[in-house]
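Student: please find the sequence and the predicted model below.
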Amino acid sequence: MDKKPIDLSKKEETAVLVGISVPGEEDYLVHEHLDELEFLAQTAGAVALKRFTQNLHTKNPKFFVGPGKLDEVAKCVTDYQVDMVIFDDELTPAQIRNIENVLNCKILDRNNLILDIFATRAQTAQAKTQVELAQYEYMLPRLTKMWSHLSRQKGGIGMKGPGEREIETDRRIVRDKIRLLKDKLEIIDKQNITRRKSRDEKVRVSLVGYTNAGKSTIMNSLSNATVLAENKLFATLDTTVRKVVIETTPFLLSDTVGFIRKLPHSLIESFKSTLDEVKESDILVHVVDISHPQYENQVQVVQKTLEELGASDKPILMVYNKVDLYAIKDEENELITDLKNKIKYLESSYLSKGEQAVFISAALNVNMDKLRAKLLEMVSEAYKKIYPHKVANIYG
Ligand SMILES: Nc1nc2c(ncn2[C@@H]2O[C@H](COP(=O)(O)OP(=O)(O)OP(=O)(O)O)[C@@H](O)[C@H]2O)c(=O)[nH]1
Ligand SMILES: [Mg+2]
């Protein structure tokens, strides 16, 4: 089959999503994972037309899904002239090659999509270099037919890079580029370390959490900053640090890149220096979107990522955000509609037991005083511990 010509007048590329569930796993789970993949696709600029799922013991080593399922996908691709098929997991180089032979369209996996979004979001030299490095690291073992066919579709999803770069199919050249990018990052890192050292003695607090949880909204509310907050995944890539004063106690608050399940390892590696801010902070504020059906899983993903970064042993304040969107029923099975009552109910529930937790709606500015009070308490405690020779409230 000939590759169909690309319609340049078309703004959005079309996509089909493919995911698998394992036996014993609840059906809704694979759909919630595909909801997230669809959100990622949408953020990258694609419209998802259809989803295919299959229940499998293990991923098919050749095609990811079974050959019969792949034929169904192929029929859909031809019938609807779909631009790309996106798989909800990392594909091996061999799978990419085999699948492409059957589907004859652009094949992307979850990692390509995340890397692509990061590439369009990167603003500073550091973020751009980090993304480019992660892209090349991911590309290196996959320098297959995939990349040569992508090179004919310049600029589309899966091809976005910080610079207008040519797709490179030569391993040696890619290795050289990786080395150069690493050198460049080392220089940027050194400058950042010097900058961080020059900050005076202040307690440092970092907002961490799953992407789209509301970290930047909280940052803006607490610091009167204007960090981009929007309903897209990975709105924030660069760390922003602001001085915040509560009553008379100042501290540094940083907002940084959000986490996601199956974050490509090459991205975690290359973003480690951005995440140094998190590693070096004294207190973490873990922001959770409580209205998300998968919020408990998201909490675990964040905890695991923090462990991977070596930052899981810090005092953590759990902040459950978006309470306004969270439907709660009381003991009589009646929906609680009043936001303040919802918060009261949550505060008395299991969630707040055994952990420092605050329930808020950052967008509606509800219960932010409680968040400020909790932060003040933790920050003051940290001053006493870290800078015992100074009295916290003489800073300002
Ligand atoms: N309904 C509601 N929406 C909220 C609330 N807090 C934040 N949002 C919305 O959620 C979306 C994501 O918020 P952000 O602050 O950008 O989230 P983030 O955690 O910084 O996201 P990334 O930078 O992408 O990781 C935005 O559209 C916000 O307006 C809330 O309390 N209630
Ligand atoms: Mg943000």
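Tutor: That came in fine, so what should we check first? Ligands and ions are numbered 1, 2, ... in the order given.
Student: longest helix in this protein, please.
Tutor: The residue-count maximum for a helix in the chain (DSSP state H) belongs to helix 171-197.
Student: buried stuff in that one?
Tutor: 174, 177-178, 181, 184-185, 188, 192 (16 or more other C-beta atoms under 10 Å). From N, CA and C alone the C-beta is placed, and that goes for glycine too.
Student: what do you get for stretch 235-253?
Tutor: Buried, per 16+ other C-beta under 10 Å, within stretch 235-253: 235-242, 244, 246, 249-253.
Student: of all these, which comes closest to ligand 2?
Tutor: Ligand 2 lies nearest to residue 236 out of those, by C-beta to the ion, at 3.0 Å.
Student: what residues are up against residue 251?
Tutor: 202-205, 243-245, 375, 379 (C-beta atoms under 8 Å, 6 or more residues apart in numbering).
Student: now the spatially closest residue to residue 202 that is not a sequence neighbour. Its backbone dihedrals?
Tutor: Nearest non-adjacent residue to residue 202, counting by C-beta to C-beta, 6 or more residues apart in numbering: residue 252, 5.1 Å away. Residue 252 has phi and psi values of phi -100, psi 130 when expressed as degrees, to the nearest 10.
Student: and residue 47, what element?
Tutor: strand 46-55 (DSSP states H and E).
Student: and what of residue 318?
Tutor: Using DSSP H and E, residue 318 falls in strand 316-321.
Student: with residue 342 instead?
Tutor: helix 339-347.
Student: ok so, going back, which neighbouring elements make contact with the longest helix of the chain?
Tutor: When contacts are defined as 3 or more C-beta pairs under 8 Å, 6 or more residues apart in numbering; DSSP states H and E, helix 171-197 packs onto helix 125-139, helix 276-279.
Student: of all the ones you listed, which gets the most neighbours per residue?
Tutor: Mean neighbours per residue, mean count of other C-beta atoms under 10 Å, is largest over the helices and strands packed on helix 171-197 for helix 125-139, with a mean of 23.
Student: tell me the angle it makes with helix 171-197.
Tutor: 150 degrees (axes from the mean of the first three to the mean of the last three C-alpha atoms, to 10 degrees).
Student: do stretch 358-377 and ligand 2 meet?
Tutor: No. Judged by C-beta under 5 Å from the ion, stretch 358-377 stays clear of ligand 2, getting no closer than 11.4 Å.
Student: buried ones in the strand holding residue 47?
Tutor: Going by 16+ other C-beta under 10 Å, strand 46-55 has these buried residues: 46, 48, 50-54.
Student: got a list of contacts for the next helix or strand along the chain from it?
Tutor: For strand 46-55, the following helix or strand on the C-terminal side (DSSP H and E) is helix 67-80. By C-beta under 8 Å, 6+ apart, the residues outside helix 67-80 that reach it are 1, 14, 16, 18, 49-50, 52, 54, 60, 63-65, 82, 85, 99, 102-105.
Student: 10 Å instead, please
Tutor: 1, 4, 14, 16-18, 20, 49-50, 52-54, 56, 60, 62-66, 82-85, 87, 98-99, 102-106 (C-beta atoms under 10 Å, 6 or more residues apart in numbering).
Student: nearest spatial neighbour of residue 361, skipping sequence neighbours?
Tutor: Nearest non-adjacent residue to residue 361, counting by C-beta to C-beta, 6+ apart: residue 324, 4.3 Å away.
Student: hmm, that neighbour is touching residue 342, no?
Tutor: Yes. Counting by C-beta atoms under 10 Å, residue 324 touches residue 342, with 8.1 Å between them.
Student: higher neighbour count, the two?
Tutor: residue 342 (22 against 16; other C-beta atoms under 10 Å).
Student: you'd agree that one is up against residue 359?
Tutor: Yes. Using C-beta under 10 Å, residue 342 makes contact with residue 359 at a distance of 7.8 Å.
Student: who touches both of those two?
Tutor: Common neighbours of residue 342 and residue 359 (C-beta under 10 Å, 6+ apart) are 290, 323, 326, 366.
Student: check the buried residues of stretch 235-253 one by one and keep those near ligand 2.
Tutor: Counting by C-beta under 5 Å from the ion, the members of the buried residues of stretch 235-253 near ligand 2 are 235-236.
Student: check which residues of stretch 15-25 are buried.
Tutor: Buried-residue list, stretch 15-25, by 16+ other C-beta under 10 Å: 15-21.
Student: equivalent analysis for stretch 330-349, please.
Tutor: 336, 339, 342-343, 345-346.
Student: okay if I get the residues you listed as CSV plus pLDDT and distance to ligand 2?
Tutor: Converted to CSV, the buried residues of stretch 330-349 look like this (pLDDT from 0 to 100; distance: C-beta to the ion, whole Å):
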residue, pLDDT, distance to ligand 2
336, 88, 29
339, 91, 23
342, 91, 24
343, 92, 23
345, 89, 28
346, 88, 23
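Student: closest to residue 25 out of those?
Tutor: Among the buried residues of stretch 330-349, residue 346 lies closest to residue 25 (C-beta to C-beta), at 28.4 Å.
Student: get me the contact residues on the stretch 201-350 of the chain for ligand 1.
Tutor: 209, 211-217, 229-231, 233-236, 258, 321-322, 324-325 (C-beta under 6 Å from any ligand atom).
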